[in-house]
Structures are given as C-alpha cells and as structure tokens.
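> The following block contains a protein sequence and its predicted model.
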Amino acid sequence: MRKGIVAMVVLVGLTAVGCDDGVRDDLVVTGTPPATPYAGRLDLPFKESADGSPREAEASSGSAGRALECDHGIYEGTGGDGWSKGDGGSTPEEGLNAYFDIYKPEVPDHGYRVERKEKDRVLFSYDVKGRTKVAVVVAKDQPNRPGWGPETSASCDPAEFPASYTDSKGYEIWLDRDGNRVPTSVVSSSVGPEHCDWESTHFLGLGQGEKGRQYVRDPRGVLGTESLTAPYDGDVRMPADAHDTGYHFHDWELWLAADKATAYVRTSDGVEAWPATKDGVGCM
C-alpha cells in the first residue's frame, strides 16, 4: 500500500540547470518503468497546507503522495497555488522543470520518468530500485494557470535516496545494526550552522515533533550553558543502564540510558556525553 506516516518537511535551495528550452537534458529520461506503476487517479483532491506542518504532508500531496512507494512514509508533500500565470510551460517536461524553479525542493533534479500520462495530467516519478521515491503530478491549463505546471508533489525520506545523492548534499545518514540506512525522521545529525559560527558543534536529533529530542556536541561551549540541560563531556564512563541503539555513523555509536536525558556517543577514542538542548535553541 502506497501510504505511510508523515515526517518533517525540509525545503532548501536547488537550482535546475536548463538547456535552450528551459529543461535540462537529463531531467526526464527513458527506461524501465516502475515494477508497480501507480494506477489511481491523477486528479485526487488535495488540501492546501495551512501552516506547512509535517502532519499535513499527506493531505496536501494528493495523487503524488499516493504514487509514492516509501519504506518509511511520506517525508514531504505539497500541493496548491504555487504555480501561477507565467510559470506554466508548453510541455509536461517544462511543467516538471517549473516544479524545481518554484519549490526549490531538496530532491534529485534529474532522472525522472513518465509513469502515467493522461490528457491534462502527467505523473513523473524518480525511482530507486524500481520503487517511486519522488512523485510529481503536472497539470495543464488549470484556472488562472495556463500551460503545464506542478499540481502536487511528494517525496520519501532522504535516506531512501541513493548514497551518491545524500553524500553530495551533506546528509549524515545513520545506519542500524544490520547496516540499513535509518530515516532522518528517526535519527539525524549535522554540523552547526556556519553563519552563526557554530561549526565546532554537532547536533543530533531523535524522532520528530513533540516527542523528538535534540542533543549537541559542543566541545568549545559556544552555545552557552543556558542552551543546554547539562555540560558536554568528551570523556565519560558509559552508564551501567545505557544500551546500544544499534545506530551508528562512521565510528560513532549511539547509546542511550533509560531517561534519554543524554546521548552517549561511543567513538574510537572513548565515550562522549552529548547533553539535550533546551527548547528554542536555534540560529537566525
């Protein structure tokens, strides 16, 4: 069943490189279609997101969300009036190109195939091992929106994209004890933002929403004690009640105690204690 849980929405800048007609050469390719092409309607109703919250991703992604074949659920979904007069193209491919120009999504920007084609809608899919991980439905001549443009779109968790893509974008994809890629909605990490001079820090996120927790490696103390629930410690003894989660990234192994107040990261040099952050820690 092509339906899953909703995870957080992440949008960052991405520029599609175009050729003379405004569509890059490798945006749409030919090849083997998905093993199980989407057979549902391409014009399913969708509800525009009121606040951009992750819980609304499925409702706002319409047919695109139903066309996904995610292992871990919908990561991002959009639909609405982002396409306006002047954005539409003369072909479905130009409509897909407009998707990248308008939404700037953090998804692969080439290698899409036509999965379904109807008179006034076309479903484009980006597939990994024969399964759809990004779906975009483009429509033709909608009210006040002439030409072809993006109507709905949806994507799976970045961990389901090829490593060549996530590595090039700086994602830190953790693995479980069996070597499987763990969705970023479960565990994620990243270097602190450069524009706030936090490059010496490292953030670790577990889960999403109200139940999610964030920890930080802050060896230089740039965040200040008011931002953390406890000081960072780069050399501690592993607590007796800590257990190995099985999640690892390079030589980092994540351990947690029962209260989950601190993330214990075992490295090749020892054990570090990453304290949880207080609410509202952020960088403008």
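It's in. Everything numeric here is computed off the predicted structure, so don't read it as measured data. Numbering: from 1, shown residues only.

> what ranges of this structure fall below the confidence cut-off?
Residues of the chain meeting the criterion pLDDT under 70: 1-22, 48-55, 81, 280, 284.

> What is the distance between the top helix by length along the chain and the centre of its chain?
The helix that spans the most residues within the chain, counting by DSSP state H, is helix 92-103. Centroid separation for helix 92-103 versus its chain: 19 Å, with CA atoms, centre = their mean, to the nearest Å.

> Residue 150 should be in a strand, yeah?
Yes - membership of residue 150 in a strand is supported by DSSP: H, G, I helix; E, B strand; the rest coil.

> returning to that earlier point: just want the angle from the following helix or strand past the longest helix of the chain to helix 92-103.
Going down the chain from helix 92-103, the next helix or strand is strand 113-117, by DSSP states H and E. Interaxial angle of strand 113-117 relative to helix 92-103 (axes from the mean of the first three to the mean of the last three CA atoms, to 10 degrees): 110 degrees.

> who does strand 113-117 touch, helix- and strand-wise?
Judged by 3 or more CB pairs under 8 Å, 6 or more residues apart in numbering; DSSP states H and E, the packing partners of strand 113-117 are strand 121-128. Placement of C-beta: from N, CA and C, glycine included.

> Would you list the strands that the strand it packs on pairs with, along with their directions?
strand 113-117 (antiparallel), strand 131-142 (antiparallel) (DSSP bridges).

> How much space separates the closest residue in space to residue 220 that isn't next to it in sequence from residue 219?
Distances taken as CB to CB, 6 or more residues apart in numbering place residue 200 nearest to residue 220, at 4.6 Å, with adjacent residues excluded. According to CB to CB, to the nearest Å, residue 200 and residue 219 sit 6 Å apart.

> now swap in residue 83 and tell me
Computed as CB to CB, the residue 83 to residue 219 distance reads 47 Å.

> What of residue 90?
55 Å.

> Residue 74: how many residues sit nearby?
Residues lying near residue 74 (other CB atoms under 10 Å) number 28.

> Does it touch residue 60 like I think?
No - the pair residue 74 / residue 60 is not scored as a contact, 9.9 Å apart, by CB atoms under 8 Å.

> how close does residue 63 get to residue 281?
Applying CB to CB to residue 63 and residue 281 gives a distance of 38 Å.

> same question, residue 114
From residue 114 to residue 281 the distance is 44 Å (CB to CB).

> now residue 104
Residue 104 sits 26 Å away from residue 281, going by CB to CB.

> How about residue 28?
42 Å.

> Same question for residue 115.
42 Å.

> cool, and residue 30?
According to CB to CB, residue 30 and residue 281 sit 48 Å apart.

> quick one: contacts for the nearest residue to residue 71 once chain neighbours are set aside?
In this structure, residue 71 finds its nearest non-sequential neighbour in residue 160, 5.9 Å apart by CB to CB, 6+ apart. Listed by CB atoms under 8 Å, 6 or more residues apart in numbering, the contact set of residue 160 reads 70, 71, 72, 128, 133, 181, 183.

> Check those residues and tell me the two furthest apart.
Spatial extent of the contacts of residue 160 (CB to CB) is set by the pair 128 and 183 at 13.8 Å.

> quick one: the residue lying closest to residue 121 once chain neighbours are set aside and residue 136, what's the gap?
Residue nearest to residue 121 in three dimensions, not counting chain neighbours: residue 42, with 4.2 Å by CB to CB, 6+ apart. Distance, residue 42 to residue 136, using CB to CB: 11 Å.

> Compare the two (neighbour count), which wins?
residue 136 (29 against 23).

> which residues does that one bridge with?
residue 124, residue 153.

> In this structure it contacts residue 150, no?
Yes - proximity of residue 136 to residue 150 meets the contact threshold set by CB under 8 Å, at 5.9 Å.

> if I look at the two, which residues touch both of them?
96, 99.

> what about residue 24, how many neighbours?
16.

> can I get the CA coordinates of stretch 144-163 in PDB?
The C-alpha atoms that make up stretch 144-163 are tabulated as PDB, following Å, rounded to 0.1, in the frame of the first residue of the first chain:
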ATOM      1  CA  ASN A 144      -5.800  31.200 -13.800                       C
ATOM      2  CA  ARG A 145      -2.800  28.900 -14.500                       C
ATOM      3  CA  PRO A 146      -2.300  28.400 -18.300                       C
ATOM      4  CA  GLY A 147       0.100  25.900 -19.600                       C
ATOM      5  CA  TRP A 148       1.700  22.900 -17.800                       C
ATOM      6  CA  GLY A 149       2.800  23.300 -14.200                       C
ATOM      7  CA  PRO A 150       3.200  21.300 -10.900                       C
ATOM      8  CA  GLU A 151       0.000  20.500  -9.100                       C
ATOM      9  CA  THR A 152       1.100  18.100  -6.400                       C
ATOM     10  CA  SER A 153       4.400  16.500  -5.400                       C
ATOM     11  CA  ALA A 154       5.700  14.200  -2.700                       C
ATOM     12  CA  SER A 155       8.900  12.500  -1.700                       C
ATOM     13  CA  CYS A 156      10.200   9.800   0.700                       C
ATOM     14  CA  ASP A 157      12.800  10.300   3.400                       C
ATOM     15  CA  PRO A 158      16.200  11.400   2.100                       C
ATOM     16  CA  ALA A 159      17.600   8.100   3.500                       C
ATOM     17  CA  GLU A 160      15.800   6.300   0.700                       C
ATOM     18  CA  PHE A 161      17.600   8.300  -2.000                       C
ATOM     19  CA  PRO A 162      20.900   6.900  -3.400                       C
ATOM     20  CA  ALA A 163      24.000   7.500  -1.200                       C
END
